[in-house]
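Asks: pasting the structure only:
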């Protein structure tokens with residue numbers, strides 16, 4: 001195959017011979033030459049078409065042999081197509097599974113700080129759950145209802161917070177009318193003779209404490225949030241942690257993990273309104 005000098009157009013039988021010729025005379029390769037073979041073309045577009053068709057890009061996938069223009073594209077291909085983590089040498093069942101792995105504590109630093117107790121979290125999901133569950137020792141007043149009020153105040157157009165008319169923070173429209181202090185306590189009427197029974201879903205619990213925990217969880221609460229991707233997704237969520245997890249998983253493609261972190265910081269500080277695009 002003729003390897004052509006791009007300056008004097010002299011042809012050589014090997015790439016090495018051409019290289020020696022160019023080094024000696026200061027000549028150059030053809031302007032639009034393939035990175036992997038001797039062929040050259042009249043335009044960059046023609047080169048790209050040839051390299052795509054011939055699989056002649058310089059960076060090769062270690063799992064299937066496909067080639068790409070940059071190492072970054074190879075890395076992205078390995079994750080999106082092969083669902084493989086090169087650092088851990090693990091292959092996952094699907095793209096969502098490997099994205100969750102790559103966004104976990106294994107690969108990300110804890111950069112989401114609680115504004116009250118300064119505990120660090122890897123994701124907005126973890127920090128949301130910390131606040132909604134009342135687990136922050138410096139902000140025991142925060143819970144699912146107060147977080148919803150905060151989010152709704154930063155979300156006047158209803159990007160993620162549902163505009164619930166007459167919402168009172170109660171389970172399925174029943175219960176205490178005080179969203180900041182609503183709490184269920186089991187009475188003897190919940191005992192059905194052999195277990196403590198939830199009067200909403202009729203699930204049995206061995207202890208009254210277990211039933212209390214179930215009743216005060218979001219299990220039977222209203223959906224307070226929705227995915228902004230109404231046409232493509234439309235899912236609804238009971239907790240802010242739930243919608244954050246949905247975003248961070250990138251399962252519906254509405255936004256990227258990194259944008260969720262930025263948007264969440266805007267909710268917690270300053271007067272910025274919600275935006276995750």
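Replies: Now that the structure is in, tell me what you want to look at. Predicted model, so just to flag it, every value in this text is computed and none were measured. Numbering: from 1, shown residues only.

Asks: and the residue lying closest to residue 87 once chain neighbours are set aside, how far is that from residue 129?
Replies: Nearest residue to residue 87 in three dimensions, chain neighbours excluded: residue 107, at 7.2 Å (C-beta to C-beta, 6 or more residues apart in numbering). All C-beta spots, glycine's among them, are computed from the backbone N, C-alpha and C. Between residue 107 and residue 129 the distance is 20 Å, computed by C-beta to C-beta, to the nearest Å.

Asks: same thing with residue 221?
Replies: Taking C-beta to C-beta as the measure, residue 221 falls 15 Å from residue 129.

Asks: between residue 107 and residue 129, which has more neighbouring residues?
Replies: Higher neighbour count among residue 107 and residue 129: residue 129, with 19 against 12, using other C-beta atoms under 10 Å.

Asks: tell me how many other residues crowd the nearest residue to that one once chain neighbours are set aside.
Replies: Take residue 129 and drop its neighbours on the chain: the residue closest to it by C-beta to C-beta, 6+ apart is residue 241, 4.1 Å away. By the measure other C-beta under 10 Å, the count of residues near residue 241 is 24.

Asks: ditto for residue 26
Replies: Neighbour count of residue 26, defined by other C-beta under 10 Å: 7.

Asks: then the one 10 residues further on?
Replies: Applying the criterion other C-beta under 10 Å, we find 15 residues in the vicinity of residue 36.

Asks: show me where this protein has its strands.
Replies: All strands of the chain, identified by DSSP state E, fall at 3-4, 11-12, 59-60, 67-68, 84-85, 90-91, 112-113, 120-121, 196-197, 204-205, 225-226, 236-237.

Asks: now mean pLDDT too, for those strands, in JSON lines please.
Replies: As requested, the strands of the chain are exported to JSON lines (pLDDT from 0 to 100):
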{"stretch": "strand 3-4", "mean pLDDT": "84"}
{"stretch": "strand 11-12", "mean pLDDT": "88"}
{"stretch": "strand 59-60", "mean pLDDT": "89"}
{"stretch": "strand 67-68", "mean pLDDT": "88"}
{"stretch": "strand 84-85", "mean pLDDT": "92"}
{"stretch": "strand 90-91", "mean pLDDT": "91"}
{"stretch": "strand 112-113", "mean pLDDT": "84"}
{"stretch": "strand 120-121", "mean pLDDT": "86"}
{"stretch": "strand 196-197", "mean pLDDT": "89"}
{"stretch": "strand 204-205", "mean pLDDT": "90"}
{"stretch": "strand 225-226", "mean pLDDT": "90"}
{"stretch": "strand 236-237", "mean pLDDT": "90"}
